[in-house]
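Asks: Using only what follows, build the 3D model:
(chains A and B)
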Protein chains: 2
Amino acid sequence: MTTALRFSLLLLCVSFSRGFLNDLFDEEEQAERVVQASKYGSLWPLPQKVQLSEVSFKLNGVSFKISDAKESTAGQSCSLLKDAYRRYYEYMFGSFKRQEGRKSRRAGPSDVTELQVWITSSESDCDSFPSVASDESYELTVDQPYAVLKAPKVWGALHGLETFSQLVYEDENGTKSINSTTISDFPRFAHRGILLDSSRHFLPIKVLLANLETMAMNKFNVFHWHIVDDPSFPYLSRTFPQLSQQGAYHPYTHVYTPSDVKMVIEFGRLRGIRVIPEFDTPGHTQSWGKGQKDLLTPCYSGSKPSGTFGPVNPILNTTYDFMSQFFKEVSTVFPDAYIHLGGDEVNFSCWKSNPDIQKFMEQQGFGQDFTKLESFYIQKLLDIVATTQKGYMIWQEVFDNGVKLKADTVVHVWINSRANDEMAKVTGAGYTTILSAPWYLDYISYAQDWQKYYKVEPLNFNGNKQQYQSEMANITSSGYQTLLSTPWYLNRISYGQDWKGHYQADPQDFQGTDEQKKLVIGGEACLWGEYVDATNLTPRLWPRASAVAERLWSAKEVTDINDAFNRLSVHRCRMVERGIPAEPLFSSYCPREYRGV
Amino acid sequence: MTTALRFSLLLLCVSFSRGFLNDLFDEEEQAERVVQASKYGSLWPLPQKVQLSEVSFKLNGVSFKISDAKESTAGQSCSLLKDAYRRYYEYMFGSFKRQEGRKSRRAGPSDVTELQVWITSSESDCDSFPSVASDESYELTVDQPYAVLKAPKVWGALHGLETFSQLVYEDENGTKSINSTTISDFPRFAHRGILLDSSRHFLPIKVLLANLETMAMNKFNVFHWHIVDDPSFPYLSRTFPQLSQQGAYHPYTHVYTPSDVKMVIEFGRLRGIRVIPEFDTPGHTQSWGKGQKDLLTPCYSGSKPSGTFGPVNPILNTTYDFMSQFFKEVSTVFPDAYIHLGGDEVNFSCWKSNPDIQKFMEQQGFGQDFTKLESFYIQKLLDIVATTQKGYMIWQEVFDNGVKLKADTVVHVWINSRANDEMAKVTGAGYTTILSAPWYLDYISYAQDWQKYYKVEPLNFNGNKQQYQSEMANITSSGYQTLLSTPWYLNRISYGQDWKGHYQADPQDFQGTDEQKKLVIGGEACLWGEYVDATNLTPRLWPRASAVAERLWSAKEVTDINDAFNRLSVHRCRMVERGIPAEPLFSSYCPREYRGV
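Replies: Predicted structure coming up:
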């Protein structure tokens, strides 16, 4: 792969660390270390099947065009594709002045002059919204004189355009080339998300759009918009405008108007990204209480209200009237089939202090079990939301507390200390789930923590089984051989035909079942907002989230951390060149450094 | 201080953390928490003496002007001050259109209409470069109709202008006000620096200037420019252009030309900031070797050169010829009285492998003690640099190895595990020193690590004394009372007049002596470049470095972390408003969020 080699040498140079952290290395090892060229160039995330040849073609911005294939079911009117063609043309050739350039160079015999985009399904989805069931697959053939991108739906075409743009490279003279290539690609997981939190710090629309743009470069397809929370309520509700009027950091400058929200949704759709809003209740609702009287529970200090408020008040009918109207609005504003309803971290101390709540607990026979009250509330909320024809996602506590969930509920696993068990339990109960626990990107640490995110294997949880099965999984995943005896201690006799137990024990069955694994539909990288705002969010998210992107898109076997480093280093420079301040992995440079501050 | 209270309520709102990190707190405590107004408003770093009154005056951009006091020794020709007047006018009033505004409002009777800047010393230093001995003091009186800023030199006037701008606040209507105030101020330490590393990642000039600008907002006065290192050599030398031609990441796009360097120096000077370049040898020089044949030591593998290179070759005359010429250039390019010569982390393995070096060691009688060879080199280098009439700074290893240093050498302490001992030793030997060990800002961690930097006390080291004296210091600094017996175990007899020892032991003498403490001239916050470049450097540095700024400027007693949080929160929003992407301390908002991505 000499071509790819030249490519990466040109695009990136990585040097070695300041010695004091590396006392173990000899001086000569501290010498400058050039990033190795991956045989996969700078593809990120790595497609499922890639065949790269050493035959290279030229590409020139004057004559090159991206166009609909004749047979394509997405016609001239598909503005989603037109928008994408323009975007990728600009990524590849910058703001090339077609008119000026035309005289200087015509297409040569060794040029790829066209990328034909061919939507093959009778329904292109051009004017639809993406969903968890959307077909995102595509096939890309780069050859002369045409490259062809085939995809059943526009969603695959978008990903294929990104992949095509990642195959293009530049020599010292600025000449663009691309190698003869065949790619067949599809995502490993259907739900590949980023959570951003616009409550702890308000995130200007410009920041949201830049990150949607970057998500597309990494083939993420879900923007989980944690839009409101305790600190502020920036969502401007048409039905309850006082929520943001009172609850936002500022009623005009720190809110998302209906047209802002529309813009975010359409910007996402044009990039194949679903926008799933989270309106988290009954906890995390301090900011709601400012604009909506009686919504929150008054806390008591002894026999008197203390003046502070706790979670949503679950014992008032007005609460449910409000929620009905509010979520009716939300269900029309956000077109996605799912809404995230939160349900995490409900603190019971305020409920406990309130005499009306206590009385209600008695009436309902809940005793002192406040999880029952929590479930009472959530159950009613879920039933309300179900009437809007939306599906819902919820944080894992709602499942843990035994709330009755619709079959299509997505359970969101976030507690890292028991994530594997939780994945086993949720899928064992037959629910779909997504994983975020190991991907809380707000927790920063020194050096290359992207590797930690990269090494996560979402399906590496044990089924809902015996302890010895966990042990078998541990031992074998450490590379040791093992023999099993636990289920065959025949001295332990029991009533009935216990031979069946001995017979059914399967020494190899120590992982979650295939059925369970299928219920893991993906994951999300979460960047909670305590310590990030417009000043630092983007470089903190990228390229750390890119590690999660590849884990969720590429084949399970794609785990070579060195190859990942090589590809990701160039991928991050590409993001920088596209105007995104993605931070460096290590000492190195990009040919075109970030132009901001 | 109701005015200050209003001020901060308007400028910033801090909210409480996501609960899962705060399980100990009750729900009501998780309620939104408004930042408390400091009685010192948003002053940062806190001046030495502040008297704020509740009397407030209006300030309007149309009529307000900053001008030279009649008696000032800096006249109309002092462009340093003119430049500063313009800068601070813009900080305070934005790009106010004087012409349009003039009609709408005249100065009222309660206005402060002018800030008169009065340089009192016969030599204003207007056209000089700042130095470690520069007088940075100033006195500021805000009253009606004039505010007066008196300073012996322009350096104090610059700081006073910053302080004045920090006193201005805005109400909901955008009206600017300032309270009647008297401030007398001077820095606790003379050397208050920021180290940036332009070798591991190239830092575009734009980034350097933005950070010099921010340094001035925080009253830092030294830019320690770690300009070259192993990974790259971006300094374009007129004498040896091949150094950057070969050693920079790119010979045109990733270098600092002579005019770039001039611009950085002048930009710094206009803000009272010294620019001290570091050319670190004999280690950290891999990039030097690319453009300068025979400069580095060839490493051997067995009896043959391995093709790799180690530190500077200390046994060749050509090395010293090169260094003479190189540092002659450097000493003219950089006007500061000091050059940082590095000298840290020399790895001996390559020297050990080289037979010529081994022979030289024998000839010199160094045995196998390579620190002697290191010192041999450094000694010759220091003597060379001394002929350029420059003083030098060196990393602590050079002192540790017993190299003979000029009396005015500044020893830079960076190894955190033994920083206190080192400070004691260096000052005990009579050398001036600066502290960086606890302020390696490249080491990031989750949450508010600025507090850790803030809590450092640079003079809290023990003198070069007995172990019991360290113990006394530990005990008393923990607030306990103690009795001393160690020096008075009279059963331990010794030859001669041992009563003298018993007599001289001073139970209170367990800290460094006053003479030692005076030798601590300051400190530097270091942001090494492995993981930062233009994409993330600025938000990673600010406001974390602001914590160091206050520690080095303000009185030793200024240690109230809550008050610091309150002031710093508003100070960071001020930096954001001035276009600097300073990251947030915690959940909160700024009235004007950062406008970039």
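Asks: which residue ranges form the helices in the stretch 251-400 of chain A?
Replies: A:258-269, A:286-291, A:317-333, A:349-353, A:355-364, A:370-386, A:396-400 (DSSP state H, counting those that start in this stretch).
Asks: show me what contacts A:Cys126?
Replies: Contacts for A:Cys126 were tallied using C-beta atoms under 8 Å, 6 or more residues apart in numbering or on different chains; they are A:Ala74, A:Ser77, A:Cys78, A:Ser79, A:Leu80, A:Leu81, A:Ile119, A:Val154. C-beta: built from backbone N, CA, C; applies to glycine.
Asks: Can you get me a residue count around the residue nearest to it when sequence neighbours are not counted?
Replies: By the measure of C-beta to C-beta, 6 or more residues apart in numbering or on different chains, the closest residue to A:Cys126 outside its immediate chain neighbours is A:Cys78, 4.0 Å from it. Residues near A:Cys78, counting by other C-beta atoms under 10 Å in any protein chain shown, number 22.
Asks: Now do the contacts for A:Cys78.
Replies: For A:Cys78, the contacting residues are A:Asp68, A:Ile119, A:Ser124, A:Cys126, A:Asp127, A:Val154, taking C-beta under 8 Å, 6+ apart as the criterion.
Asks: Could you report the neighbour count for the last one?
Replies: Residue neighbour count, defined by other C-beta under 10 Å, stands at 30 for A:Val154.
Asks: wait, it sits on A:Ser124?
Replies: Yes: counting by C-beta atoms under 8 Å, a contact exists between A:Val154 and A:Ser124, whose distance comes to 5.4 Å.
Asks: which residues are common contacts for those two?
Replies: Shared between the contact lists of A:Val154 and A:Ser124 (criterion: C-beta under 8 Å, 6+ apart) are residues A:Ala74, A:Cys78.
Asks: Can you give me the separation between the spatially closest residue to A:Glu374 that is not a sequence neighbour and B:Lys39?
Replies: Nearest non-adjacent residue to A:Glu374, counting by C-beta to C-beta, 6+ apart: A:Val346, 5.1 Å away. Remark: distance between A:Val346 and B:Lys39 (C-beta to C-beta, to the nearest Å) = 38 Å.
Asks: Check the secondary structure at the most centrally placed residue in chain A for me.
Replies: Compute the mean C-alpha point of chain A, and by C-alpha atoms, centre = their mean the closest residue is A:Gly193, 1.6 Å away. Using DSSP: H, G, I helix; E, B strand; the rest coil, the secondary structure recorded for A:Gly193 is strand.
Asks: so it makes contact with A:Phe223?
Replies: Yes: counting by C-beta under 8 Å, A:Gly193 does reach A:Phe223; the two are 7.0 Å apart.
Asks: Now the common contact residues for those two.
Replies: Listed as contacting both A:Gly193 and A:Phe223 by C-beta under 8 Å, 6+ apart are A:Ile276.
Asks: Looking at A:Val346 and B:Lys39, which is more packed in?
Replies: Neighbours per residue, other C-beta under 10 Å: of A:Val346 and B:Lys39, the larger number sits with A:Val346, 28 against 13.
Asks: all strands in the stretch 151-300 of chain A, in order from the N-terminus.
Replies: Across the stretch 151-300 of chain A, reading from the start of the chain, the strands by DSSP state E, counting those that start in this stretch fall at A:169-170, A:176-185, A:191-197, A:222-226, A:274-278, A:296-301.
Asks: In the stretch 51-200 of chain A, mark out all the helices, start to finish.
Replies: A:79-93, A:98-104, A:154-167.
Asks: could I get those as TSV with distance to B:Pro591?
Replies: Output for those, formatted as TSV (distance: least, C-beta to C-beta, whole Å):
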stretch	distance to B:Pro591
helix A:79-93	34
helix A:98-104	44
helix A:154-167	38
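Asks: if you average pLDDT over each of these, which comes out lowest?
Replies: Of all the helices of the stretch 51-200 of chain A, helix A:98-104 carries the lowest average pLDDT, namely a mean of 50.
Asks: Is A:Leu527 in contact with A:Tyr443, as I believe?
Replies: No: between A:Leu527 and A:Tyr443 no contact is recorded; they are 9.9 Å apart, counting by C-beta under 8 Å.
Asks: neighbour-wise, which of the two wins?
Replies: A side-by-side neighbour count of A:Leu527 and A:Tyr443, using other C-beta under 10 Å, places A:Leu527 first with 23 against 17.
Asks: tell me the contacts of the more buried one?
Replies: A:Leu527 makes contact with A:Ile194, A:Leu195, A:Leu196, A:Asp197, A:Leu441, A:Asp442, A:Leu537, A:Arg540, A:Leu541, A:Ala545, according to C-beta under 8 Å, 6+ apart.
Asks: Columns neighbour count and distance to A:His284 on top of those, output as a markdown table?
Replies: Putting those into a markdown table (neighbours: other C-beta atoms under 10 Å in any protein chain shown; distance: C-beta to C-beta, whole Å) gives the following:
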| residue | neighbour count | distance to A:His284 |
| --- | --- | --- |
| A:Ile194 | 27 | 19 |
| A:Leu195 | 25 | 13 |
| A:Leu196 | 23 | 15 |
| A:Asp197 | 25 | 10 |
| A:Leu441 | 23 | 19 |
| A:Asp442 | 20 | 15 |
| A:Leu537 | 26 | 20 |
| A:Arg540 | 23 | 22 |
| A:Leu541 | 24 | 22 |
| A:Ala545 | 25 | 23 |
